[in-house]
Each structure stands twice: as C-alpha cells, then as structure tokens.
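Q: Predicted structure and sequence below. I'll ask about it afterward.
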Amino acid sequence: MTTGHHITIERSSRHVRVVHGGQVLAESDRPLLLRETGCPDRYYLPAEDVRLDLLTPSGTRTHCPFKGTASYWSLPDAADLVWAYPDPEPDVAQIKDHLCFYDVEVS
C-alpha cells in the first residue's frame, strides 16, 4: 500500500441493517468493518445476508487501486446503491463475497 494510506478490516459483532423505502435490503450480525484512510468507515455484509433478489446488477464499474474493481447493483429508484469487489486485491481479500451499502443502520 502507498505510504500514508491504510486499510484495516475487522470482524464486527454489531448488528447492521439496510432499509430503503421501508423495505429491508440486508441484515447481518457478522459484518466486516473496513476502515480506509480518507474514507468513511464502511460495513461489508456477507452476500447471504443481502436480499440480492431485490437488486438489479448495474453496468457501473469503478476501480480503486487498493481494493480492485467494484461492481454495483441498483433499485428502480436508487442507482448504484450497493457495491462489491468480486476479485479484490490480495491485501483486502476478506471482502470477497461481501457487499457494501451507502446507508446502513448500526445497533
């Protein structure tokens, strides 16, 4: 990693819930907490805890030099609401098969 740029990933015991438009999109008691220099803390949820049946794959792709290339999913009224790194960089391999949302409730 570049000097001054750090990413840490830890297992969290926090309960994370994602609700959009009154509908629960995800709920997990086993999220990963990713902390990255210059970015807000993000919870990555196991794919099994996400209602993928409600989400539509998007054509959007972005690239992070530290995490890899992200794929996105959308809802009809919320484009690119969730993302994942299908083939993450080795330093963040833990986030494979985990999805991240912009807005989550944590308890």
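A: The structure has been received and is ready for your questions. Numbering: from 1, shown residues only.

Q: need the helices for this structure, in chain order.
A: For the chain, no helices are identified by DSSP state H.

Q: any chance you could map the strands in it?
A: Per DSSP state E, the chain carries strands over the ranges 7-11, 16-20, 23-28, 32-36, 42-46, 56-64, 68-75, 78-84, 98-101, 105-106.

Q: Mind checking those strands for the one nearest to D91?
A: strand 7-11 (6.8 Å; Cβ to Cβ). All C-beta atoms are positioned from the backbone trio N, CA, C, and that covers glycine.

Q: hang on, the earlier thing: nearest approach to P90 belongs to which of the strands of the chain?
A: Using Cβ to Cβ, the strands of the chain put strand 68-75 closest to P90, at 9.4 Å.

Q: Could you give the average pLDDT over the closest one?
A: Mean per-residue pLDDT for strand 68-75: 98.

Q: hey, which of the strands of the chain is tucked in deepest?
A: Mean neighbours per residue, mean count of other Cβ atoms under 10 Å, is largest over the strands of the chain for strand 98-101, with a mean of 23.

Q: Can you list the strands that that strand pairs with?
A: Note on strand 98-101: by DSSP bridges, its sheet partners are strand 42-46 (antiparallel), strand 78-84 (antiparallel).
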